[in-house]
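A.B. asks: Build the 3D model from these lines:
(2 chains)
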Amino acid sequence: MMQVLYYAYLLLKAACNTLADSFLPLINLCSLPPPAKYGGRHTVTLIPGDGIGPELLTHVRELFRFCCVPVDFEIVSIDSKSTSDDDMNNAITAIRRNGVALKGNIETNHNLPPSHISRNNILRTSLDLYANVIHCQTLPGVRTRHRDVDIIIIRENTEGEYSSLEHENVPGVVECLKIITRKKSLRIAEYAFNAARQNGRRRVTAVHKANIMKLGDGLFLQCCKEVAAGYPEITFDSMIVDNTTMQLVSKPQQFDVMVMPNLYGSVISNVCAGLVGGPGLVPGANYGKDYAVFETATRNTGKSIANKNIANPTATLLASCLMLDHLRLHGYASMIRKAILATVSETRLHTADLGGQGTTSEVVQSVMREIESKGPRTSEQI
Amino acid sequence: DFTKSWIIILQTVTLIPGDGIGPEISTAVMKIFEAAKAPIQWEERNVTAIKGPGGKWMIPTEAKDSMDKSKIGLKGPLKTPIAAGHPSMNLLLRKTFDLYANVRPCVSIEGYKTPYTDVDLVTIRENTEGEYSGIEHVIVDGVVQSIKLITEEASQRIAEYAFEYARNNQRASVTAVHKANIMRMSDGLFLRKCREVAENFKDIKFTEMYLDTVCLNMVQDPTQFDVLVMPNLYGDILSDLCAGLIGGLGVTPSGNIGANGVAIFESVHGTAPDIAGKDLANPTALLLSAVMMLRHMGLHGQAKKIETACFDTIRDKKVLTKDLGGNSKCSEFTGEICRRVQDME
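C.D. replies: The predicted model follows:
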């Protein structure tokens, strides 16, 4: 009986390791990461954000210190209550300087007047982080209704419905502008197909609502078709967004890579994150030509569970691994990722969002123990 | 029913069979209603668009008059011809009767297994404005602007309908779905109107939730949701998402409420031209929409009877159409439901 259990344990470990390798993030196809300065150490901007952000990012720093990761964090706080732009300008300058950032979500008080634009949105548009990339994969040990989900979502991150252009010409009638441009649509389509090719993916699906928004989404679809012509080995098809959500909850295994404008991206990425286990598990990346910012995929502040030691750190920890891969520190990234996946497969450590009673610190401790058990890293291994 | 035993008051309902499988599923529903002795008098009408005086496309006068008189309609799937020169029929109907609220109750069907159980929610979608205003411009070559319109009036109207629906159907809470963190003015206006209306309905719990959070939570635990009210695009996406949770458009009912008391209930699936006329169609969606119609008319007893017969048939799994996993014909499925309804007398 013990033998059977032991072999099952080994099998699960092996599954985690294989899975960890497939987690290699999409290579940022646009630029090289900033070179390490000051004795081979990278400096990364850290924006704690609100809610569970600060505590989870503290755990990331703790973990990095433990693993001797050659990354120094420059912490830039943004006070979401303040109405001045100074905090934001500091943060943007810091990210321009360092080239890479790891962030928590900054809360937006949607009862404030329209002049107070979402801080997260300002960050994305100022740094032109045009591609939001989310890889949703079923994790071993996490019980979900659907198995074998493996979807890469590439969402246009700077225009569309998030243009923040609204006006009230007539009292009681508000117009909100959704902007779709050829240039940005071509750019995101190019990113999507290139990423699909680099990662050996076979199919790209464009999600749209061109039957209703004939000009706007029609232009987006047209750009995707044009780019698809340059990638004959990749199948290109399109699907209307409401049908897509219906298909996702019944048969998510049919999807491979999906590309879409901003708002549909928000819907689809949240649906897919929910399908594979929730907001606590999926990391996200925002890539631009010159900068990259890493965060959780579903961008929640988690106000109600902040500072209670119950938040699931997996998404944030995996986001930090994506960041390490971006900095070409693949050895560290792989090591930490394997440890995280091994921990997540242990049901007794599951946090509340996965139906368990584990605490955040227990999960982080377990990750550190996993890394320790693999033996000390020498410089040859890295 | 008091009235039933003494005076049979027949209610007229305008029936629009539609295209493709429309006629056969409409016949199925009429048969079942007859077996249940429901006090409904059907008036069949065609809604193929015609060009009226002045060159504007409109629905035939007979159809409009019938609907204006009866106020209640039941509609099968209509095909949208491409390049026919006229807008989609559904759009035309919506404009003609100012159908401002699209209501979709999504309840898990026992016997039709999906990965989600115990779903019991209602999506109420504003159906006249929002992102579907159809106003788009090419600003310069390569830059397109689509306008999303949110008005105080429409937001108020849909919010009022949502709360009234919740009250009339004994629902505990109404959740407004929005994205006011990004679309501050437009969704902010929608949210404000919902809050204002909520003040007059203190017996119903009112909450607000971001669209992405709703999507995230919906696929993990749909049982936490009750009544959801939202603008057009979010409603389109969420109502289809919820339909997917219970098994798809083939089993989902839908109702459109208009100004002046008009209500049109419809099946939202397609015309399925490949199986049209072959007695293979599944009438469940249209039947459940008709049940929704009976409830709207206050005929709760009849509605319950027909609904129970339908659900029992599906649960039993002996006589099911192909899309439900069986290999019976539409007529056999209909016959089975009729039999059960008659047995309940």
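A.B. asks: in terms of contact count, name the helices or strands touching the longest strand belonging to chain A.
C.D. replies: Across chain A, the longest stretch assigned as strand under DSSP state E is strand A:173-181. Helices and strands touching strand A:173-181, by 3 or more C-beta pairs under 8 Å, 6 or more residues apart in numbering or on different chains; DSSP states H and E, are strand A:166-170, helix A:216-228, strand B:143-151, helix B:184-199. Yep, even glycine has a C-beta here, placed from its N, CA and C like the rest.
A.B. asks: wait, does the first one contact chain B?
C.D. replies: Yep, that's strand A:166-170 we're talking about. Yes: for strand A:166-170 and chain B, the contact criterion (C-beta under 8 Å from any C-beta of the partner chain) is met by A:166-168.
A.B. asks: Among the residues you listed, which one sits closest to A:Ser238?
C.D. replies: Within the residues of strand A:166-170 next to chain B, the smallest distance to A:Ser238 is 28.7 Å, found for A:Glu166 (C-beta to C-beta).
A.B. asks: What's opposite the closest one in the beta bridge?
C.D. replies: For A:Glu166, the beta-bridge partners are A:Cys176 (DSSP bridges).
A.B. asks: can you pull the contacts of it?
C.D. replies: A:Glu166 makes contact with A:114, A:174-177, B:183-186 under the criterion C-beta atoms under 8 Å, 6 or more residues apart in numbering or on different chains.
A.B. asks: Write out the residues of the stretch 51-200 of chain A neighbouring chain B.
C.D. replies: Residues of the stretch 51-200 of chain A found near chain B, taking C-beta under 8 Å from any C-beta as the criterion, are A:108, A:110-114, A:116-118, A:121, A:145-146, A:161-162, A:164, A:166-168, A:172-183.
A.B. asks: re the thing from before, kindly reformat the contacts of A:Glu166 as CSV containing neighbour count and distance to B:Ile21.
C.D. replies: Shown next, in CSV, are the contacts of A:Glu166 (neighbours: other C-beta atoms under 10 Å in any protein chain shown; distance: C-beta to C-beta, whole Å):
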residue, neighbour count, distance to B:Ile21
A:Pro114, 18, 48
A:Val174, 25, 41
A:Glu175, 20, 40
A:Cys176, 24, 39
A:Leu177, 17, 40
B:Met183, 27, 39
B:Arg184, 25, 45
B:Met185, 19, 44
B:Ser186, 30, 39
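A.B. asks: List just the nearest of those residues to A:His330.
C.D. replies: Looking at these and their distance to A:His330, the nearest is B:Met183, at 40.0 Å (C-beta to C-beta).
A.B. asks: quick one on the thing from earlier: which among the residues of the stretch 51-200 of chain A next to chain B end up buried?
C.D. replies: The neighbour-count criterion (16 or more other C-beta atoms under 10 Å in any protein chain shown) marks A:108, A:110, A:114, A:117-118, A:121, A:146, A:161-162, A:164, A:166, A:173-182 among these as buried.
A.B. asks: in the sheet, who's paired with the nearest residue to B:Asn232 once chain neighbours are set aside?
C.D. replies: Closest residue in space to B:Asn232, ignoring its immediate chain neighbours: B:Gly130 at 3.1 Å, by C-beta to C-beta, 6 or more residues apart in numbering or on different chains. Beta bridges link B:Gly130 to B:Leu149 when assigned by DSSP bridges.
A.B. asks: need the contact list for B:Gly130.
C.D. replies: Residues in contact with B:Gly130 (C-beta under 8 Å, 6+ apart) are B:148-150, B:231-233.
A.B. asks: and these as a markdown table, adding pLDDT and neighbour count?
C.D. replies: As requested, these are arranged in a markdown table below (pLDDT from 0 to 100; neighbours: other C-beta atoms under 10 Å in any protein chain shown):
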| residue | pLDDT | neighbour count |
| --- | --- | --- |
| B:Lys148 | 94 | 24 |
| B:Leu149 | 94 | 20 |
| B:Ile150 | 95 | 28 |
| B:Pro231 | 96 | 30 |
| B:Asn232 | 94 | 23 |
| B:Leu233 | 91 | 26 |
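A.B. asks: B:Val341: neighbour count?
C.D. replies: For B:Val341, the number of neighbouring residues by other C-beta atoms under 10 Å in any protein chain shown comes to 25.
A.B. asks: Show me the strands in chain A, by range?
C.D. replies: Listed in chain order, the strands of chain A (DSSP E) span A:42-47, A:71-75, A:100-103, A:131-137, A:150-156, A:166-170, A:173-181, A:203-208, A:235-240, A:257-260, A:283-287, A:292-296.
A.B. asks: which residues touch the fifth one?
C.D. replies: What that stands for is strand A:150-156. In this structure, residues lying in contact with strand A:150-156 by C-beta under 8 Å, 6+ apart are A:26, A:130-138, A:184-185, A:188, A:191-192, A:195-196, A:199, A:201, A:252-253, A:255-262, A:264-266, A:268-269, A:272.
A.B. asks: All the helices of the stretch 201-345 of chain B, residue numbers only.
C.D. replies: Shown for the stretch 201-345 of chain B, the helices assigned by DSSP state H, counting those that start in this stretch span residues B:211-220, B:232-246, B:284-296, B:300-316, B:330-343.
A.B. asks: With respect to A:Val241, which of these lies nearest?
C.D. replies: helix B:232-246 (5.8 Å).
A.B. asks: Any idea how far that closest one is from the middle of the chain?
C.D. replies: Helix B:232-246 has its C-alpha centroid displaced from the chain centroid by 11 Å (C-alpha atoms, centre = their mean, to the nearest Å).
A.B. asks: what helices or strands is that helix leaning on?
C.D. replies: Under the contact criterion of 3+ C-beta pairs under 8 Å, 6+ apart, the helices and strands touching helix B:232-246 comprise helix A:241-250, helix A:262-276, strand B:99-107, strand B:120-126, strand B:173-178, helix B:211-220.
A.B. asks: please redo it, this time with the cut-off set to 7 Å
C.D. replies: Contact partners of helix B:232-246 among helices and strands, from 3 or more C-beta pairs under 7 Å, 6 or more residues apart in numbering or on different chains; DSSP states H and E: helix A:241-250, strand B:99-107, strand B:120-126, helix B:211-220.
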